[in-house]
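Trainee: fold the stuff below for me.
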Amino acid sequence: MKFILVFGPQAVGKMTVGHELEKITDLKLFHNHMTIDLVTPFFDYGTKEGKRLVNLFRQEIFEAAAKSDMYGMIFTFVWAFNQQGDWDYVEKVCNLFETNGATVFFVELEADVDERLERNKTAHRLEHKPSKRNLEWSEQDLLKSMDKYRLNSLEGEIKKENYIRINNKNMSAEEVAQIIKEKFQL
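Mentor: Residues are numbered from 1 along each chain as shown. As a prediction, this is how the structure comes out:
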């Protein structure tokens with residue numbers, strides 16, 4: 001089992017790269033909005049109940065996948081590096097997979113804010129993420145999060161052997177997926 005954690009700020013291309021990586025490997029994509037958008041019609045993700053349900057669904061899927069004979073899973077995540085809770089969550093999820101014999105790979109994507117604001121409006125993103133279709137709200141959320149959270153790591157902060165950081169501003173999702181596949185021999 002291989003567990004690929006693709007992380008970076010909103011609209012950096014995590015899901016799109018995940019879709020492309022899924023096409024060229026036997027990995028299955030589990031992007032973070034699959035659970036967020038499942039719960040949102042009932043409970044806003046920002047509420048206590050919304051977060052509880054999102055985490056519950058994710059945990060159940062992770063546990064089932066980690067114990068399965070699946071080749072591997074790609075999970076996308078917006079990691080706030082200045083929030084200890086996010087570090088703890090990443091450690092918990094990775095530990096679940098590792099204790100079940102999986103190899104964990106870390107893929108960090110980065111692009112400047114102007115590029116991310118453009119990507120925030122793409123048809124592919126809006127098709128797969130219903131909660132992002134209110135573009136005014138989504139853009140403001142993206143900009144406000146930059147004031148509150150540090151969404152890319154500092155140089156040397158990620159100390160994992162299986163780690164790659166890619167500035168994908170001028171790259172297609174297909175190119176990024178190919179780099180990840182080759183780097184980690186997926």
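
Trainee: the residue most central in space within the chain is in what secondary structure piece?
Mentor: Centroid-nearest residue in the chain: residue 76, 1.6 Å away (criterion: CA atoms, centre = their mean). Element membership of residue 76 [criterion: DSSP states H and E] is strand 72-77.

Trainee: by contact count, what packs against that strand?
Mentor: Packing contacts for strand 72-77, counted by 3 or more CB pairs under 8 Å, 6 or more residues apart in numbering; DSSP states H and E, involve strand 2-7, helix 14-24, strand 28-30. Where C-beta positions appear, they are placed from N, C-alpha and C, glycine not excepted.

Trainee: could you give the separation of stretch 3-15 from the chain centroid?
Mentor: 4 Å (CA atoms, centre = their mean, to the nearest Å).

Trainee: ugh, wrong one, stretch 22-40
Mentor: 9 Å.

Trainee: tell me the strands beside the longest strand anywhere in the chain, with direction?
Mentor: For the chain, the longest strand by residue count, based on DSSP state E, is strand 103-110. With DSSP bridges as the test, strand 103-110 is paired with strand 2-7 (parallel), strand 163-167 (parallel).

Trainee: of all those strands, which lies closest to residue 105?
Mentor: strand 2-7 (4.6 Å; CB to CB).

Trainee: now that closest one: mean pLDDT?
Mentor: Averaging pLDDT along strand 2-7 gives 98.

Trainee: tell me how far it lies from the chain's centre.
Mentor: 8 Å.

Trainee: from the contact counts, what lies against the helix or strand of the chain with the lowest mean pLDDT?
Mentor: Using mean pLDDT, DSSP states H and E, the weakest-scoring helix or strand in the chain turns out to be helix 123-128, at a mean of 76. The contact analysis (3+ CB pairs under 8 Å, 6+ apart) places helix 123-128 against helix 14-24.

Trainee: which other residues reach the least confident helix or strand of the chain?
Mentor: For helix 123-128, contacts defined as CB atoms under 8 Å, 6 or more residues apart in numbering pick out 11, 15, 16, 19, 31, 33, 119, 132, 133.

Trainee: try stretch 45-57
Mentor: Against stretch 45-57 from outside (CB under 8 Å, 6+ apart): 35, 36, 38, 39, 40, 42, 43, 44, 131.

Trainee: what's the ChimeraX syntax to select whichever of those are buried?
Mentor: A single ChimeraX command is used to select the members of the contacts of stretch 45-57 judged buried by 16 or more other CB atoms under 10 Å:
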select :35,36,39,40,131
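
Trainee: and the gap between the residue nearest to the centre of the chain and residue 129?
Mentor: Separation of residue 76 from residue 129 (CB to CB, to the nearest Å) stands at 11 Å.
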